[in-house]
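**Q** Turn this into a model:
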Amino acid sequence: MKKETKDDIAYGVAKAVLGSIPVVGATASELLQLLVTPPLEKRRNEWMIEVGKKLKQLEQKEELDLIKLSNNDVFIDVVLQTTQLALRTSEKEKIQYFKNVILNSAVEENPNITEVQIFLNFISTFTVWHIKILKLFDNPENWFKKNGKSLPNYMAAGLSNVLEEAYPELNGKRELYDLIWDDLSRAGLHKTSGLHTTMTGSGLMTPRTTTFGKEFLEFITESPID
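**A** Numbering: from 1, shown residues only. Modelled structure (predicted):
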């Protein structure tokens with residue numbers, strides 16, 4: 001640890017202790033501020049730099065007009081709401097999804113704000129596993145090819161077998177992925193009741209997402225920037 005950092009912490013602790021003498025609770029509040037403020041500022045700076053860089057790249061490709069966007073109230077709403085949520089997580093996958101929401105909203109110019117808010121809520125409340133599983137069953141065959149895995153060769157099996165083949169770390173965690181599957185169903189993102197019904201090999205490769213589920217996945221996926 002750098003000497004300056006140690007000195008800053010020592011100063012902050014000393015200040016907090018002294019402040020706790022006349023006012024009950026000052027120690028806790030100042031220590032919390034000392035612990036949270038530096039990483040929060042770091043997250044904010046990294047977020048703004050990365051999003052700004054991507055927006056500039058899109059402008060250079062003539063896919064958007066930054067001056068025009070700066071006067072677009074819907075886009076500004078999206079940026080503010082998304083930024084607030086992105087700063088609350090350290091999960092790289094979620095941060096990328098939030099970033100993609102802003103970029104896709106910028107290109108679209110006037111996205112449906114209701115859908116955007118619903119999608120943001122999904123990213124915020126779902127775990128990364130929710131989205132991984134939804135992506136898998138959006139198109140199982142393409143998923144296996146894209147991820148360099150051999151297609152399962154089942155005569156008959158359940159979707160749970162496909163899931164555990166794709167993600168061996170979920171083996172034996174039926175309660176967990178059943179709960180996730182139910183969450184995705186209640187959100188209207190897929191159209192299959194359960195993961196354990198036996199079906200043919202071709203049936204296992206059938207896409208399971210609803211139209212809304214596909215729209216969600218598309219909106220949180222980054223469009224390639226040449």
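**Q** element containing the residue nearest the centre of the chain?
**A** The C-alpha lying nearest the average C-alpha coordinate of the chain belongs to Lys94 (Cα atoms, centre = their mean; 2.4 Å). Element membership for Lys94 (DSSP states H and E) is helix 92-108.
**Q** can you check Asn110 too?
**A** For Asn110, there is no enclosing helix or strand under DSSP H and E.
**Q** which residues does it contact?
**A** The neighbours of Asn110, taking Cβ atoms under 8 Å, 6 or more residues apart in numbering as the test, are 72, 74. C-beta here means a position set from N, CA and C on the backbone, and glycine is covered the same way.
**Q** Now the phi/psi pair for it, please.
**A** phi -130, psi 70 (degrees, to the nearest 10).
**Q** Distance of it relative to Leu66?
**A** 16 Å (Cβ to Cβ, to the nearest Å).
**Q** do Asn72 as well
**A** Remark: distance between Asn72 and Leu66 (Cβ to Cβ) = 10 Å.
**Q** Then His196?
**A** Taking Cβ to Cβ, one finds His196 at 50 Å from Leu66.
**Q** Likewise for Thr198?
**A** Noted for Thr198: a distance of 54 Å to Leu66, by Cβ to Cβ.
**Q** since we're on Met187, how many residues are nearby?
**A** You called it Met, but residue 187 is Ala. Ala187: 19 surrounding residues under other Cβ atoms under 10 Å.
**Q** swap in the one 4 residues further on?
**A** Taking other Cβ under 10 Å as the criterion, the count of residues near Lys191 is 12.
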